[in-house]
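Engineer: mind looking at a prediction? Sequence and model below.
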Amino acid sequence: MIQLYAGTASQALGQRVAEQLSQPLSTIQTHRFSDGELYAKLKPSVEGAHVCLIQATYPPTDHLMELLLAIDAAKQAGAHLVTVVAPYLGYARQDRLHHRGGSVGGLLQAKLLKSAGLDRLITCELHSQRLTASFDFPWLHLSSLPTFLTYIKQLQLPRLTFVAPDRGGEARARAYAQHFESPLICCNKLKEHPHQATAIQVQGEVKGADAIIIDDIIDTGRTVYLVTQQLKAQGARTVRAFCTHALFSGDVHTQLLQAGLEEIVVTDTVPLKQPSRHIQVHSMAPIIAQSLRQEA
Ligand code: R5P
């Protein structure tokens, strides 16, 4: 049996995974020194056990540090195997060198997890598969498609059309289009800085479409805002956004609704900062639990 622990960043999702597995969940215990430095401890004893640590690594970076310390604690205490479930892997957008002299946070994070002692990583809807080339440990990537499928079917949209907000998201949106045998529209995202959308060019016929934008992340909301504006301007009947990781920096949902979105659908890989009747949250717990069952 796997011993489940959830960290500060993933308490609610950890609880849902534990319920799915009908297993107890323990909390990664943390203590702060007076200067703010973190210390982590795992109780009960993990000697000889297969330990699963559930912790997303969205900011602040203490979430990542807590995870590294917990992996170390598990290994120091003689855990036989450490599986990390990072439902949202922060720093994953930093998957390559954008500028000479810049850092590549995603690669560094992978090295840190490995050196702390992780044996296996399970993560959800990575920004791009490029990062996995740097994983020199077993990993499993879970798509949110199975989580969103049922709801999309229930909507019974007459002119269902999937939209990739940028070239990087094309394969992700194409998987939905293929599953539903629906059209796919791709956008070009123009940026002045990496990960800061300044304009969107929609390529394809959208008049009368019931558009569903598929993206991995809503951060500032700028990407979805610009895509929605363009789709509406070009005659889309309805526009919805299905995005896995609800980072929501700033007052995202107000600006998105102003752009004319019907609704925003996200998962629980990151706790929702701004609950609203226009935002639906679908849990990734069933598919995470399923992958842990197969591992046990
Ligand atoms: C970037 O390429 C990602 O796939 C997302 O589109 C992006 O991170 C969303 O960020 P924001 O909400 O700040 O536009």
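Structural biologist: Thanks, I have the structure now.
Engineer: contacts and neighbour counts: CA atoms only from here.
Structural biologist: Will do.
Engineer: need the distance between the two termini of stretch 241-250.
Structural biologist: Stretch 241-250 has an end-to-end distance of 17 Å (criterion: CA to CA, to the nearest Å).
Engineer: contacts for it next, please.
Structural biologist: Stretch 241-250 is touched from outside by 58, 88, 125, 144, 148, 212-221, 224, 261, 263-274, with contacts defined as CA atoms under 8 Å, 6 or more residues apart in numbering.
Engineer: mean confidence for the helix ranked longest in the chain?
Structural biologist: Of all the elements of type helix in the chain, the one with the most residues (DSSP state H) is helix 62-76. Mean pLDDT, helix 62-76: 98.
Engineer: how about the residues of the stretch 1-150 of the chain near the ligand?
Structural biologist: For the stretch 1-150 of the chain, the residues in contact with the ligand (CA under 6 Å from any ligand atom) are H127.
Engineer: now the strands for the stretch 1-150 of the chain?
Structural biologist: Taking DSSP state E, counting those that start in this stretch to define them, one finds strands in the stretch 1-150 of the chain at 2-6, 25-27, 29-32, 38-41, 50-54, 81-86, 120-124, 139-142.
Engineer: strands paired with the shortest one, and their directions?
Structural biologist: Taking DSSP bridges as the criterion, strand 25-27 forms sheet pairs with strand 2-6 (parallel).
Engineer: what angle do the longest helix of the chain and strand 50-54 make?
Structural biologist: Using axes from the mean of the first three to the mean of the last three CA atoms, to 10 degrees, the direction of helix 62-76 lies 170 degrees away from that of strand 50-54.
Engineer: distance between helix 62-76 and the chain's centre?
Structural biologist: Centroid separation for helix 62-76 versus its chain: 20 Å, with CA atoms, centre = their mean, to the nearest Å.
Engineer: now swap in stretch 214-221 and tell me
Structural biologist: For stretch 214-221, the distance to the chain centre is 10 Å (CA atoms, centre = their mean).
Engineer: before we move on, the earlier item: quick one: which of the contacts of stretch 241-250 sit in strands?
Structural biologist: Cross-referencing these against strands under DSSP state E gives 212-218, 263-267.
Engineer: and the ligand, which of those reach it?
Structural biologist: Filtering the ones in strands among the contacts of stretch 241-250 for neighbours of the ligand using CA under 6 Å from any ligand atom leaves 215-218.
Engineer: most surrounded residue in these?
Structural biologist: Among those, the one with the most neighbours (other CA atoms under 10 Å) is D215, at 25 neighbours.
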